[in-house]
Each structure stands twice: as structure tokens, then as C-alpha cells.
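> Requesting a structural model of the entry that follows:
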Amino acid sequence: MHIDTPSANPFALMMAPRQVLEAMEKSDALRRLQHQVFHPLDSRAALQGDADIAAFDAAIERADLVLPIDEEVPRP
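Next comes the predicted model:
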């Protein structure tokens with residue numbers, strides 16, 4: 001049994017990109033899809049957050065912290 005539709009075999013789609021693009025252009029289902037373009041990394045808030053985190057990290061690095069040792073670890 002032989003099926004002529006290109007979508008019946010996904011590997012055949014790789015060999016016929018022009019047919020795939022033509023089918024996409026004719027597709028009513030694709031035209032009805034809602035779409036939006038998001039650029040979350042381009043926002044100014046992300047840059048300000050990075051500056052706050054960098055300032056916090058710098059303050060921690062400058063601090064002279066000595067953590068208490070609860071018990072002595074024997075050395076071999």
C-alpha cells in the first residue's frame with residue numbers, strides 16, 4: 001500500500017521542504033493560530049535585577065565572615 005500524502009512519512013518531509021512550505025502556506029489551521037512574539041530577556045527589569053544581585057555578591061565577597069566550627073574534625 002502506497003500513500004501519496006507527504007505527511008504520512010515524516011522522513012519524506014525532510015526530502016521535500018518546498019512541498020512542506022507550500023502546505024504550510026495553504027493551511028487554514030495554521031492561519032487561525034494565535035501568536036505573539038515575546039522577548040523576556042530584553043526587558044529593563046532584568047538588567048536592574050542583575051545589578052542588585054551583583055551588588056549583593058560584591059558585599060558578601062567584601063565581608064570578613066568567620067563561621068564557627070561546632071566540633072573538631074580529626075585529621076588522619
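> going forward, measure contacts and count neighbours with C-alpha atoms only.
Noted.
> Can you pull the phi and psi angles for Phe38?
Main-chain torsions, Phe38, degrees, to the nearest 10: phi -110, psi 140.
> got a pLDDT number for it?
Phe38 is assigned 76 on the pLDDT scale.
> now it: how far from Leu30?
In this view, Phe38 and Leu30 are 19 Å apart by CA to CA, to the nearest Å.
> if you count what's nearby, which of these two comes out ahead?
Leu30 (11 against 7; other CA atoms under 10 Å).
> Touching, that one and Leu21? I think so.
No - in this structure, Leu30 is not within contact of Leu21 by CA atoms under 8 Å, at 11.7 Å.
> Can you find the helix or strand in the protein with the smallest mean pLDDT?
Using mean pLDDT, DSSP states H and E, helix 44-62 stands out as the lowest-scoring helix or strand of the chain, at a mean of 77.
> Sketch out the helices for the protein, chain order is fine.
10-15, 17-26, 28-32, 44-62 (DSSP state H).
> Dump the ones you listed into TSV; add distance to Pro68 as well.
Shown next, in TSV, are the helices of the chain (distance: least, CA to CA, whole Å):
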stretch	distance to Pro68
helix 10-15	63
helix 17-26	66
helix 28-32	63
helix 44-62	17
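> mind checking which of those is nearest Ile69?
Within those, the stretch nearest Ile69 is helix 44-62; the backing value is 19.7 Å (CA to CA).
> can you count the residues close to Ala58?
Counted by other CA under 10 Å, the residues lying close to Ala58 total 11.
> quick one: it from Val66, how far?
Ala58 is 17 Å from Val66, by CA to CA.
> Check Ala12 too.
65 Å.
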